[in-house]
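**Q** okay, structure incoming, though there's no sequence with it:
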């Protein structure tokens, strides 16, 4: 699938210094699709290396934390994503 700006939200954008910005992204796309190089190219002017994206797959539901690995010449690549447990054992 493709990036959908309706699922994009800013948690906190770094104003200065080296602090990463943090975002959430909700989509029915699986993390395997979202972490494909180029998926976030529409945000190449916004994202910086080291920024953090909380990716919520609304179809499963699952949550992963990904980091922007590169952003060069308008091509954005993020990490594979670390799964966050959404289990409820009670």
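**A** Looks like it came in fine. As the structure is a prediction and not an experimental result, all values here were calculated from the model. Numbers count the residues shown, from 1 in each chain.

**Q** dihedrals phi and psi, the residue positioned nearest the centre of the chain?
**A** With distances taken as CA atoms, centre = their mean, the chain has residue 53 as the residue nearest its mean C-alpha position (3.4 Å). Residue 53 has phi and psi values of phi -130, psi 120 when expressed as degrees, to the nearest 10.

**Q** and if you look at the one 5 residues further on?
**A** Comment: the main-chain dihedrals of residue 58 come out as phi -70, psi -10, following degrees, to the nearest 10.

**Q** how many residues are close by it?
**A** The tally of other residues near residue 58 (other CB atoms under 10 Å) stands at 11. Every residue, glycine included, has its C-beta placed from N, CA and C.

**Q** could you do residue 23 as well?
**A** By other CB under 10 Å, the residues close to residue 23 number 22.

**Q** now do residue 64
**A** Around residue 64 there are 22 other residues, counting by other CB under 10 Å.

**Q** for residue 55, same thing?
**A** With other CB under 10 Å as criterion, residue 55 counts 24.

**Q** partner residues bridging it?
**A** Beta-bridge partners of residue 55, counted by DSSP bridges, are residue 25, residue 64.

**Q** got a pLDDT number for it?
**A** Per-residue confidence (pLDDT) for residue 55: 98.

**Q** what's near enough to touch it?
**A** Listed by CB atoms under 8 Å, 6 or more residues apart in numbering, the contact partners of residue 55 are 24-25, 27, 31, 34-35, 63-66, 81.

**Q** and if you look at residue 85?
**A** Counting by CB under 8 Å, 6+ apart, there are no residues that residue 85 touches.

**Q** return the distance of it relative to residue 6.
**A** Separation of residue 85 from residue 6 (CB to CB, to the nearest Å): 26 Å.

**Q** wait, residue 74 sits on residue 44?
**A** Yes - using CB atoms under 8 Å, residue 74 makes contact with residue 44 at a distance of 4.5 Å.
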